[in-house]
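>>> got a structure for you, letters missing:
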């Protein structure tokens, strides 16, 4: 009897928690399919009386949201590539190659994590303004070049590569660049996927820096454009929900497809303390 | 090429990027916070004058600065324990041997973490609507009168906290779940043989074993809470009655709305000092209690 009560209690609590958690996202999708004005009723409707894609059409046809979808995709793809290029090589070197001050530099990098990145925003903005990079794609990408967490993730993973493997390649006369490309990178494939997923999703969801740097609507990413739109269309619930769906959909799809890699990165990265 | 030289080629791009786009700006921000850097200085650096600690001293005299500090501390002091508690409950439920569909539930509870904040913030703004919001509808069917969540100075920050807990608890849940799974089963077995009930097991075995992990999770959560910005920007724009102006929101307004980059930098350093101080405090307290 007690065991049965425990079983019921645990599963009821879990189901309730999951339902509460998923509800706002489900309502977002449902409201995005409602006719204009339909959500502003009492009692508030849960489902559209007849589902319509009108809100999506208006967003693309009248508000030209294609442009911001393209901006977001471009920025996130570049951020992913940059993150891979900078962090893979550095993480590998910190794990496997000997050089002067290796441990000390790495400890300094980890120490720098206590400094909130927002401190850099004002000087960085001034710097980019001087370089003519305000309101440009390279300007938004600057913070995504190299990251301490990225280097840390790759370093942790690369430490498992046996030294004998690298030594054998050196004995065969392979140069360091060749060893990195032909021996190391294939072994780092899982962490490459993790790093790529994290970089894509973090840069896609990023809000404050794009808000600061991208002043023209034409240049904005989806989250920033959504903020601007939602200030102009406070009453248009259904339209805003369609915008919200377009904004979250890509990251959710990537997450569902590559969840395993994402979770690995989360667990490894959180050990940084 | 020798491995040693190659090593430098491998790390140089990343170190250079971090130096130019992080280390130098941090140092520059410190200098900037001692100047009257404004919109004229953006155009021509000759318009900058050193005013040393004036930005900091002036901040201390502004009611809005204290309000922002108070709002942020409220969000941290109430929000962090709340968020960690929900994460712990969710992790315990998922770790229970009785739980069904663990994989599905784990994913479902985690989804808000990856969802774009701007998108879920607009969604919540409508869910929290006084008349047409589903939250008030749910409350009214339980017999409560409607609350003007985002329009009432007393409720705006708690409403943001609600969104924040919903959005973020999944992250710590995954970390704590990994910690729970690492506790050896014999410990539970021994406790059960001693006749300990579920609450006693939680208090004497689970929580102590999770100690170091709980400390780490709360430090990370605290750092994130101190950096609250996008939620008030999307949902309340600092209002009502400036009750959701956070330190970072103040920095944004000073730096990028009024273009007082000097004042903005000073605000940023105050934020850093608080984050650092609270982290040290938390580590010290938990050392004394012997959990770390």
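Here it is on my side, so go on. All of these numbers come straight from a predicted model, not from anything done at the bench. Numbering: from 1, shown residues only, chains lettered A, B, ... in the order given.
>>> so where is chain A shaky, pLDDT-wise?
Applying pLDDT under 70 to chain A flags residues A:270-273.
>>> how about a cut-off of 90?
Along chain A, segments meeting pLDDT under 90 span A:1-6, A:41-43, A:234-235, A:267-273.
>>> where do the helices sit along it?
Along chain A, counting by DSSP state H, helices occupy A:2-32, A:54-61, A:66-96, A:102-111, A:121-130, A:137-141, A:148-158, A:163-171, A:176-179, A:185-187, A:189-205, A:208-213, A:222-232, A:237-269.
>>> Among the ones you listed, which comes closest to residue B:4?
Residue B:4 lies closest to helix A:176-179 among those, at 9.5 Å (Cβ to Cβ). Backbone N, C-alpha and C define where each C-beta goes, glycine included.
>>> can you pull the buried residues of the closest one?
By 16 or more other Cβ atoms under 10 Å in any protein chain shown, the buried positions in helix A:176-179 come out as A:176, A:179.
>>> And that helix, how far out from the chain middle?
Put simply, helix A:176-179 sits 30 Å off its chain's centre (Cα atoms, centre = their mean, to the nearest Å).
>>> same question, stretch B:226-239
Put simply, stretch B:226-239 sits 12 Å off its chain's centre (Cα atoms, centre = their mean).
>>> what's the answer for stretch B:73-91, then?
Distance of stretch B:73-91 from the chain centroid (Cα atoms, centre = their mean) equals 10 Å.
>>> Also stretch A:189-209?
So, by Cα atoms, centre = their mean, the centroid of stretch A:189-209 is 4 Å from its chain's centroid.
>>> what about that stretch, near chain B?
Yes - Stretch A:189-209 is in contact with chain B by Cβ under 8 Å from any Cβ of the partner chain, via A:201, A:204-205, A:207-208.
>>> Dump the residues you listed into a markdown table; add distance to residue A:45 as well.
Formatted as a markdown table, the residues of stretch A:189-209 next to chain B follow (distance: Cβ to Cβ, whole Å):
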| residue | distance to residue A:45 |
| --- | --- |
| A:201 | 32 |
| A:204 | 31 |
| A:205 | 29 |
| A:207 | 30 |
| A:208 | 34 |
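>>> from the residues you listed, which is closest to residue B:102?
residue A:201 (23.5 Å).
>>> ok, the residue nearest to that closest one when sequence neighbours are not counted - how many residues close by?
Counting by Cβ to Cβ, 6 or more residues apart in numbering or on different chains, residue A:201 lies nearest to residue A:251, which is 5.0 Å off, once chain neighbours are set aside. Around residue A:251 there are 20 other residues, counting by other Cβ atoms under 10 Å in any protein chain shown.
>>> Now for residue A:251: which residues touch it?
A:200-201, A:204-205, B:114-116 (Cβ atoms under 8 Å, 6 or more residues apart in numbering or on different chains).
>>> OK, contacts around the residue nearest to residue A:144 when sequence neighbours are not counted?
Leaving aside its sequence neighbours, residue A:144 sits nearest to residue A:79 (Cβ to Cβ, 6+ apart; 3.9 Å). Going by Cβ under 8 Å, 6+ apart, residue A:79 touches A:141, A:144, A:199-200, A:202-203.
>>> Just checking the distance from the helix or strand hosting residue B:212 to the centre of its chain.
Using DSSP states H and E, residue B:212 maps to helix B:207-226. Centroid separation for helix B:207-226 versus its chain: 12 Å, with Cα atoms, centre = their mean.
>>> quick one, what contacts the nearest residue to residue A:120 once chain neighbours are set aside?
The shortest distance from residue A:120 to any non-neighbouring residue, by Cβ to Cβ, 6+ apart, is to residue B:25 (3.6 Å). Contacts of residue B:25 were listed using Cβ under 8 Å, 6+ apart, and they are A:119-121, A:123-124, A:127.
>>> hmm, try it at 6 Å
Going by Cβ atoms under 6 Å, 6 or more residues apart in numbering or on different chains, residue B:25 touches A:120, A:123-124.
>>> quick one: average pLDDT of the helix or strand hosting it?
Element membership for residue B:25 (DSSP H and E) is helix B:24-32. For helix B:24-32, the mean pLDDT works out to 97.
>>> what's the following helix or strand after it?
Per DSSP H and E, helix B:24-32 leads on to helix B:39-43 as the next helix or strand towards the C-terminus.
>>> And that following helix, what's buried?
Residues of helix B:39-43 classed as buried by neighbour count (16+ other Cβ under 10 Å): B:41-42.
>>> And that helix, what does it pack against?
The helices and strands touching helix B:39-43, judged by 3 or more Cβ pairs under 6 Å, 6 or more residues apart in numbering or on different chains; DSSP states H and E, number zero.
>>> ok, 10 Å please
Under the contact criterion of 3 or more Cβ pairs under 10 Å, 6 or more residues apart in numbering or on different chains; DSSP states H and E, helix B:39-43 touches helix A:121-130, helix B:261-288.
>>> Measure how far the first one is from the centre of its chain, please.
Between the mean C-alpha location of helix A:121-130 and the chain-wide mean there is a distance of 23 Å, by Cα atoms, centre = their mean.
>>> relative to helix B:24-32, how tilted is that helix?
Interaxial angle of helix A:121-130 relative to helix B:24-32 (axes from the mean of the first three to the mean of the last three Cα atoms, to 10 degrees): 110 degrees.
>>> Do I have it right that residue B:91 meets residue B:183?
No - the pair residue B:91 and residue B:183 fails to qualify as a contact (Cβ atoms under 10 Å) at a distance of 11.6 Å.
>>> So the two - more neighbours on which side?
residue B:91 (26 against 15).
>>> Return the residues in contact with that one.
Residue B:91 is in contact with B:106, B:109, B:169-170, B:172-181, B:206, B:210, counting by Cβ atoms under 10 Å, 6 or more residues apart in numbering or on different chains.
>>> If you go by neighbour count, which of these are buried?
Looks like the contacts of residue B:91 have B:106, B:109, B:169-170, B:172-180, B:206, B:210 buried, using 16+ other Cβ under 10 Å.
>>> That concludes my questions; thank you for your assistance.
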